[in-house]
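> Have a look at this fold, sequence not included:
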C-alpha cells in the first residue's frame, strides 16, 4: 500500500506538540487565544529571493510554491521589523522543504533555539515521507505586541493551508485535500533581533494551534 503524505496540518500538529512542551505550553485550543481583529490589507515587504549581494541566504522558491502574506498594518518600526522577520522565516521554511535539507542555512538565518529545532523537525518529517510542498499558503490577520518579560515582539497570525499541498518527490503526484477546520492554524511567534545584526529579526519560539476558529472568519 502506497504511503500517504501527512497533510500539512497533521505534520504541524506533531511538531507543534513537541515545541509547545519545550516552550512550556500545553494547550492546542486556539479558541482561548483571540486575535483582536486589527485591519488587514498590508502586504509584507518582499525579501530578496536570491539573496544575491545582500549577505542574506537564498530564499528563492519554484513557481508552484507560493506564499500569500497579508499582514495587518502597524506604525511601530520594531513591530514592522518583526513582521518582516516572520515573512523571511516562512519563506526560508518553505525553501528548506523544497531543498529537502533539514540543515538548510536559509531557515537558520531566521530561527534560533526551539524555533530552529521545530523547523528542522518539520523538514525531516517531509524528507522522510518523500514529499515537497506545492500550491499557495496564506498568512493573514497578524497582531503584534511587545513582551516586556521576554523583551521580544510577539507576532500572532492566521494560516489557511487549504490550497497548499504535498507533492511526491519521485512521482510528482500532488496529494490534494479539501478545505476543512484542519486547514486553519493560529501561530504565535516570539521574534527578536539577531545578535549578529539588529536589522535581521529571528524567531525564538513558535506555537501552533490547530483548527483555529478565529482564522476561519
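Good, I have the coordinates. Because the structure is predicted, anything quoted here is derived from the model rather than measured.
> contacts and neighbour counts: CA atoms only from here.
Noted.
> Counting by contacts, list what the longest helix that the chain contains packs against.
Across the chain, the helix with the greatest residue count (assigned by DSSP state H) is helix 77-99. Counting contacts by 3 or more C-alpha pairs under 8 Å, 6 or more residues apart in numbering; DSSP states H and E, helix 77-99 packs against strand 65-71, helix 105-108, helix 113-129, strand 131-147, strand 152-160, strand 184-193, strand 201-210.
> So which of the ones you listed is nearest residue 85?
Each of those was scored for nearness to residue 85 using C-alpha to C-alpha, and the closest is strand 201-210 (4.8 Å).
> now the angle between helix 77-99 and the closest one, please.
70 degrees (axes from the mean of the first three to the mean of the last three C-alpha atoms, to 10 degrees).
> list the buried ones in stretch 69-82?
In terms of neighbour count (16 or more other C-alpha atoms under 10 Å), stretch 69-82 has its buried residues at 69, 70, 71, 72, 73, 74, 78, 79, 80, 81, 82.
> Can you name the residues that contact the last one?
I take that to be residue 82. Shown in contact with residue 82 (C-alpha atoms under 8 Å, 6 or more residues apart in numbering): 153, 155, 191, 192, 201, 202.
> What count of nearby residues applies to residue 175?
The burial metric for residue 175, expressed as a neighbour count using other C-alpha atoms under 10 Å, is 17.
> which residue packs closest to it, ignoring adjacent ones?
Nearest residue to residue 175, sequence neighbours excluded (C-alpha to C-alpha, 6 or more residues apart in numbering): residue 166, at 5.5 Å.
> That neighbour: how many residues sit nearby?
For residue 166, using other C-alpha under 10 Å, the count is 24.
> before we move on, back to that, now pLDDT too, for the contacts of residue 82, in a markdown table please.
Rendered in a markdown table, the data for the contacts of residue 82 read as follows (pLDDT from 0 to 100):
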| residue | pLDDT |
| --- | --- |
| 153 | 96 |
| 155 | 98 |
| 191 | 97 |
| 192 | 96 |
| 201 | 97 |
| 202 | 98 |
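> follow-up on the earlier one: any idea which of the buried residues of stretch 69-82 is closest to residue 116?
Distance to residue 116 across the buried residues of stretch 69-82 (C-alpha to C-alpha) is lowest for residue 82, with 16.4 Å.
> Would you mind measuring from the residue positioned nearest the centre of the chain to residue 173?
Centre of the chain computed as the mean C-alpha position; nearest residue by C-alpha atoms, centre = their mean is residue 90, 4.2 Å away. Distance of residue 90 to residue 173, computed by C-alpha to C-alpha, to the nearest Å: 24 Å.
> Report the buried residues of stretch 104-113.
Along stretch 104-113, the positions that meet the burial threshold by neighbour count (16+ other C-alpha under 10 Å) are 104, 105, 106, 107, 108, 109, 110, 111, 112.
> cool, stretch 173-192 as well?
When neighbours are counted by 16+ other C-alpha under 10 Å, the buried residues of stretch 173-192 are found to be 174-175, 181-192.
> Now distance to residue 63 too, for these, in JSON lines please.
Below are the buried residues of stretch 173-192 laid out as JSON lines (distance: C-alpha to C-alpha, whole Å):
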{"residue": "174", "distance to residue 63": "15"}
{"residue": "175", "distance to residue 63": "18"}
{"residue": "181", "distance to residue 63": "27"}
{"residue": "182", "distance to residue 63": "25"}
{"residue": "183", "distance to residue 63": "22"}
{"residue": "184", "distance to residue 63": "23"}
{"residue": "185", "distance to residue 63": "24"}
{"residue": "186", "distance to residue 63": "26"}
{"residue": "187", "distance to residue 63": "25"}
{"residue": "188", "distance to residue 63": "28"}
{"residue": "189", "distance to residue 63": "27"}
{"residue": "190", "distance to residue 63": "30"}
{"residue": "191", "distance to residue 63": "29"}
{"residue": "192", "distance to residue 63": "31"}
